[in-house]
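> A structural model of the following input is requested.
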Amino acid sequence: MDIEFNKNEDINKQLVYELNTRLKKIYKGGGEKAAAKQKEKGKMLARERITYLIDKDKPWLEIGAFVAEGMYAEHGGCPSGGVITGIGYISGRQCMIVANDATVKAGAWFPITAKKNLRAQEIAMENRLPIIYLVDSAGVYLPLQDEIFPDKEHFGRIFRNNAIMSSQGIIQIAAIMGSCVAGGAYLPIMSDEAMIVEGTGSVFLAGSYLVKSAIGEEVDNETLGGATTHSEISGVTDYKFPNDKACLDAIRNSMSKVGDFTKAGFDRIKPLAPKLDENDIYGLLPDNREKAYDMNEVILRLLDNSEFDEYKALYGKSIICGLGRIDGWAVGVVANQRRVIKSGKGEMQFGGVIYSDSADKATRFIMNCNQKKIPLVFLQDVTGFMIGSKAEKGGIIKDGAKMVNAVANSVVPKFTIVIGNSYGAGNYAMCGKAYDPRLIYAWPSAKIAVMGGSQAAKTLLQIQAAGMKAKGEEVNEQKEAELLKQITDRYDEQTTPYYAAARLWVDGIIDPLETRKVISVGIEAANHSPIVKAFNPGIIQT
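Numbering: from 1, shown residues only. All right, here's what the predicted structure looks like:
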């Protein structure tokens, strides 16, 4: 081990420590005081409900833990968007779980809460996963109602998705474990089964206060929409239970009787751990995003038995493509190369830039994986496509367009891990969020932006300084330095993985050692959904 390796290892382990520290804070939800109030009502907390519900010997993959991080400060914050979502196993069956966290503003829906719920439903629909709703919400957060209520991707889209999933035969079970108000009342009742907990669960279109102000009727919430009313009189709910645990036991019992499903048929054999030590990743990944490193060494520490069948290894070297296995699943890997390579043309540092030959190689490899029905894994550390007159004359736009087309039209499931840089059109070509990866996660070392921080800051400085000069303001060297620092600091904050995760540009931030788990759980989920259309290469044929 050299000094550089040890330095990298220390820095990357520190980033993972920061990640875990932040997660511990998020897991507390709305805080101890709010948690105590829920306990006084005889309720389990949202994370306790999930822990009790899921199989203990199977992985739990949380989605969107960092949602709303650093957002809504003027409203007191909204940890995890006030809802916990993830893929877990219930009686051996993989499911999407959505649990409102009543410790966060009584489970009220912020704009980002709706976005997170829609993402959970999207994953369930793409992979035909049963979805379990643990409902405990006060409804829309009224101070921000204009940002959550009327648009296409707002609150109402959730109920539209309920209907679509029902028509597609995707199982939906809702457990009403707390308040369920107004428009939110439709979610559990549009599910296949609605369960309710006596004494704490309630569901109604309008609560007692609104009923009195609107029609003058005086009635308490339990009589209006409690478990007895809806289980014995209205017939709105299907099952009534005395407490949370009994309700969750019933969900487990129900899922144990679900029939098998038609599988996509992705290839899997007995899993093997990587032969090379996964922990080496900490030392291999440089301490900053400008330094070179060999992505092949990272790939070998992610694949079963560290075996990798590289495609066109001597051609288009700024992108690495090849076949391997992750937790037994066959995968096609597409990764950016960052190392310095010596060849007959001299020494070259690729730095994550995509050249024409690399785009062409990746396009053809993606086509081959679609032909063979092999899921794709993208490992992003990309600064963009090559620029300059030589690249333009070589047709970089055409070759780049072909790669983007192949990624967009791919019919096998795609999974993206943002390891380092994710800049500009490179984000798109390497299957960024806009290109429908089934799951997209980031390492703590990730940076996501339209371009690198230093380039962007200098460009923005030129624009801002020119505007100030046009107004007659003096801009000397000291003023320029101050402006550059302000712009750089703001831009750097916006490129962190935490900024991206807060807005669901990525599904979460993970320790690099969790990468194999994320991809394995994702492919198992994707295996629920058979591929029904053929890969159409479109522009690639021209």
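
> how about low-confidence regions in the stretch 351-500 of the chain?
The stretch 351-500 of the chain contains residues with pLDDT under 70 at 450-461, 465-466, 475, 479-480.

> which residues in it form strands?
In the stretch 351-500 of the chain, the segments counted as strands under DSSP state E, counting those that start in this stretch are 353-354, 376-382, 384-385, 414-423, 439-442, 447-449.

> Pull the residues that contact the first one.
Translated: strand 353-354. Applying CB atoms under 8 Å, 6 or more residues apart in numbering, the contact partners of strand 353-354 are 318-319, 336, 362, 382-386, 400, 403, 426, 429. Using the backbone N, CA and C atoms, a C-beta is placed for each residue, glycine as well.

> on that earlier part again, would you list the strands of the stretch 351-500 of the chain in a markdown table and tack on distance to Glu217 and mean neighbour count?
As requested, the strands of the stretch 351-500 of the chain are exported to a markdown table (distance: least, CB to CB, whole Å; neighbours: other CB atoms under 10 Å):
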| stretch | distance to Glu217 | mean neighbour count |
| --- | --- | --- |
| strand 353-354 | 66 | 24 |
| strand 376-382 | 57 | 27 |
| strand 384-385 | 63 | 22 |
| strand 414-423 | 53 | 27 |
| strand 439-442 | 48 | 26 |
| strand 447-449 | 52 | 22 |
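
> Relative to Tyr186, which of the ones you listed is closest?
Nearest to Tyr186 among the strands of the stretch 351-500 of the chain is strand 439-442; the distance by CB to CB comes to 28.0 Å.

> what ranges of the protein fall below the confidence cut-off?
In the chain (pLDDT under 70), the answer is 1, 183, 340-350, 450-461, 465-466, 475, 479-480, 538-542.

> Who are the packing partners of the helix ranked longest in it?
Assignment by DSSP state H gives helix 3-26 as the longest helix of the chain. Counting contacts by 3 or more CB pairs under 8 Å, 6 or more residues apart in numbering; DSSP states H and E, helix 3-26 is packed against helix 280-284.

> just how off-centre is the helix it packs on within its chain?
In terms of CA atoms, centre = their mean, to the nearest Å, the centre of helix 280-284 is found 24 Å from the chain centre.

> buried residues in stretch 9-19?
9, 11-12, 15-16, 19 (16 or more other CB atoms under 10 Å).

> Can you report phi and psi for Val334?
Dihedral pair for Val334: phi -120, psi 120, per degrees, to the nearest 10.

> From the chain's centroid, how far away is stretch 66-76?
Worked out by CA atoms, centre = their mean, stretch 66-76 lies 18 Å from the chain centre.

> nope, stretch 376-390 is what I meant
Using CA atoms, centre = their mean, the mean C-alpha position of stretch 376-390 is found 22 Å from that of the whole chain.

> For it, C-alpha coordinates in PDB please.
In PDB, the C-alpha atoms belonging to stretch 376-390 read as follows (Å, rounded to 0.1, in the frame of the first residue of the first chain):
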ATOM      1  CA  LEU A 376     -27.000  -3.000 -17.700                       C
ATOM      2  CA  VAL A 377     -25.000  -1.400 -14.900                       C
ATOM      3  CA  PHE A 378     -23.600   2.100 -15.500                       C
ATOM      4  CA  LEU A 379     -20.800   3.300 -13.400                       C
ATOM      5  CA  GLN A 380     -20.600   7.100 -13.800                       C
ATOM      6  CA  ASP A 381     -17.500   9.200 -13.500                       C
ATOM      7  CA  VAL A 382     -17.900  11.300 -16.600                       C
ATOM      8  CA  THR A 383     -17.000  14.900 -17.400                       C
ATOM      9  CA  GLY A 384     -18.900  14.900 -20.800                       C
ATOM     10  CA  PHE A 385     -18.200  14.300 -24.500                       C
ATOM     11  CA  MET A 386     -14.900  15.400 -26.100                       C
ATOM     12  CA  ILE A 387     -15.000  19.000 -27.500                       C
ATOM     13  CA  GLY A 388     -12.900  20.900 -30.000                       C
ATOM     14  CA  SER A 389     -12.400  21.000 -33.800                       C
ATOM     15  CA  LYS A 390     -10.900  17.600 -34.100                       C
END
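
> Relative to Pro497, how far out is Ala246?
From Ala246 over to Pro497 the distance is 40 Å, taken as CB to CB, to the nearest Å.

> out of those two, which sits in the more crowded spot?
Shown here are Ala246 and Pro497; by other CB atoms under 10 Å, Pro497 has more neighbours (25 against 14).

> show me what contacts the more buried one?
Pro497 touches 418, 442-448, 506, 509, counting by CB under 8 Å, 6+ apart.

> Let's see that with 10 Å instead.
By CB atoms under 10 Å, 6 or more residues apart in numbering, the contact list for Pro497 reads 15, 19, 66, 418, 422, 441-448, 505-506, 508-510.

> What of Gly76?
30, 104-105.

> Distance to Phe5, neighbour count and secondary structure added to those residues, as TSV?
Below are these laid out as TSV (distance: CB to CB, whole Å; neighbours: other CB atoms under 10 Å; DSSP: H, G, I helix; E, B strand; the rest coil):
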residue	distance to Phe5	neighbour count	secondary structure
Gly30	42	23	coil
Val104	42	26	coil
Lys105	46	22	helix
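
> what secondary structure does the closest residue to Asp244 other than its chain neighbours sit in?
Setting aside the residues directly before and after it, Asp244 is nearest to Met44 in space (CB to CB, 6 or more residues apart in numbering), at 4.5 Å. On the three-state scheme (DSSP: H, G, I helix; E, B strand; the rest coil), Met44 is labelled coil.

> Tell me, how many residues neighbour Arg6?
Slight slip there: residue 6 is Asn, not Arg. Asn6: 12 surrounding residues under other CB under 10 Å.

> Give the closest residue to it in space, chain neighbours not counted.
In space, not counting the residues next to it along the chain, Asn6 is nearest to Gly283; the distance is 6.8 Å by CB to CB, 6+ apart.

> residue contacts, that neighbour?
1-2, 4-13, 277, 293, 297.

> which among these gets closest to Arg160?
Nearest to Arg160 among the contacts of Gly283, with distances taken as CB to CB, is Asn12, at 42.6 Å.

> does the closest one really touch Val298, like I thought?
No: applying CB atoms under 10 Å, one finds Asn12 not in contact with Val298, separated by 11.7 Å.

> Find residues that contact each of these two.
281, 284-285, 512.

> Counting neighbours, which of these comes out on top?
Leu285 (26 neighbours).

> Just give the closest residue to that one, not the sequence neighbours.
Closest to Leu285 by CB to CB, 6+ apart is Asn12, at 5.5 Å.

> quick one: Ala401 and Asn409, what's the gap?
Noted for Ala401: a distance of 12 Å to Asn409, by CB to CB.

> do Gln380 as well
Distance from Gln380 to Asn409, by CB to CB: 19 Å.

> before we move on, back to that, okay if I get the strands of the stretch 351-500 of the chain as JSON lines plus distance to Gly472?
Shown next, in JSON lines, are the strands of the stretch 351-500 of the chain (distance: least, CB to CB, whole Å):
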{"stretch": "strand 353-354", "distance to Gly472": "41"}
{"stretch": "strand 376-382", "distance to Gly472": "42"}
{"stretch": "strand 384-385", "distance to Gly472": "37"}
{"stretch": "strand 414-423", "distance to Gly472": "36"}
{"stretch": "strand 439-442", "distance to Gly472": "44"}
{"stretch": "strand 447-449", "distance to Gly472": "33"}
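
> Which among those strands is found nearest to Ile176?
Closest approach to Ile176 among these (CB to CB): strand 439-442, 29.1 Å.

> Mind giving me the packing neighbours of that closest one?
With contacts defined as 3 or more CB pairs under 10 Å, 6 or more residues apart in numbering; DSSP states H and E, strand 439-442 has these neighbours: strand 61-63, helix 111-127, strand 376-382, strand 414-423, helix 497-502, strand 508-509, helix 515-526.

> quick one: the longest one to helix 515-526, angle?
Looking back up the chat, that one is helix 111-127. Counting by axes from the mean of the first three to the mean of the last three CA atoms, to 10 degrees, helix 111-127 points 60 degrees away from the direction of helix 515-526.

> Could you name the helices and strands sitting against helix 111-127?
Checking 3+ CB pairs under 10 Å, 6+ apart, helix 111-127 ends up next to strand 61-63, strand 83-90, strand 93-100, strand 131-137, helix 155-167, strand 439-442, helix 515-526.
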